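Enquirer: Dropping a prediction and its sequence here:
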Amino acid sequence: MKLFSGPLSLFARKVEIALAEKGLAYEREMVPFTQAQGYSPKHPAVLAANPKGQVPVLVDGDLALFDSTLIFEYLEDAYPAPPLYPRTPRERARCRMLELVADDVWLKPLIPMMRRNSPPDPDPARQRQREDEAARAEDELRGLYRAAAAEIRGDFLLGDQFTVADIALFMMVVWTQRLGGPALDSAPALAAWYARLLQRPSCATAAREIAEADRVLSPGRG
Ligand SMILES: N[C@@H](CCC(=O)N[C@@H](CS)C(=O)NCC(=O)O)C(=O)O
């Protein structure tokens, strides 16, 4: 198997965690990425496999698959042990919903947080607007922290089982913290869950590699 990943791609890192949890061997190729140019030039294999031109792309034999959620579903079907989805239809549905909330809903306030870390806008009005948007995003994130904390049913979101919902939320929390978002202490259950996940080798490796990538790719970030 081969994974096209990105050093600061939170969606590709989701897949890396799933592959590690399932104990699957794979080759990883990091596509070109810089803070100034983004994902440019795009890797030809990614363009060939994904009309959206995005990572992650997973190649397994003659199958080339994109989108972290679709890759999770494929991995579960093709390599069911250990499972990363719960068993019952209702719990599976809840797990998918929690993954979607992390991927879609949390991503929205993270965008202004990312802009806040770009060089200041020379136009003071535009810079003020950027700061206001980031402040609103921080409030939104605090609300998301509380909502996520209320969903935690045990050691993990779904109870005793670590699932793809934990992976997706973990990546979003890693991103809030690397972007200087609000501390987690306003949602103690979320903070405790996050500390537990950081003890898992798959999650700890992803978090460590992201911090290492930041040191190389985002040296100005405090
Ligand atoms: N829904 C997709 C999102 C993938 C995505 O946004 N990938 C980003 C990196 S994190 C990317 O490749 N961006 C380059 C672009 O959009 O041109 C997934 O879950 O895989």
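Expert: Perfect, thanks for sending it.
Enquirer: Would you mark the buried spots in the helix or strand of the chain with the lowest mean pLDDT?
Expert: Least confident helix or strand, the chain: helix 107-116 with a mean of 92, by mean pLDDT, DSSP states H and E. Judged by neighbour count (16 or more other CB atoms under 10 Å), helix 107-116 contains these buried residues: 109-110, 112-113, 116. The C-beta positions use only the backbone N, C-alpha and C, and glycine is treated the same way.
Enquirer: tell me what it is packed against?
Expert: Packing contacts for helix 107-116, counted by 3 or more CB pairs under 8 Å, 6 or more residues apart in numbering; DSSP states H and E, involve helix 124-151, helix 164-178.
Enquirer: Extract the C-alpha set from the last one and format it as PDB.
Expert: Taking Å, rounded to 0.1, in the frame of the first residue of the first chain, the C-alpha atoms of helix 164-178 are listed here in PDB:
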ATOM      1  CA  VAL A 164     -12.600   6.900  13.500                       C
ATOM      2  CA  ALA A 165     -14.600   9.600  15.400                       C
ATOM      3  CA  ASP A 166     -11.700   9.800  17.900                       C
ATOM      4  CA  ILE A 167      -9.200  10.100  15.100                       C
ATOM      5  CA  ALA A 168     -11.100  12.900  13.400                       C
ATOM      6  CA  LEU A 169     -11.700  14.900  16.600                       C
ATOM      7  CA  PHE A 170      -8.100  14.300  17.700                       C
ATOM      8  CA  MET A 171      -6.700  15.900  14.600                       C
ATOM      9  CA  MET A 172      -9.000  18.900  15.000                       C
ATOM     10  CA  VAL A 173      -7.900  19.400  18.600                       C
ATOM     11  CA  VAL A 174      -4.300  19.100  17.600                       C
ATOM     12  CA  TRP A 175      -4.900  21.800  15.000                       C
ATOM     13  CA  THR A 176      -6.700  24.200  17.400                       C
ATOM     14  CA  GLN A 177      -3.600  23.900  19.700                       C
ATOM     15  CA  ARG A 178      -1.000  24.300  17.000                       C
END
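Enquirer: what element comes up after it heading to the C-terminus?
Expert: Counting by DSSP states H and E, the next helix or strand C-terminal to helix 164-178 is helix 188-198.
Enquirer: Right, I'll call it a day here.
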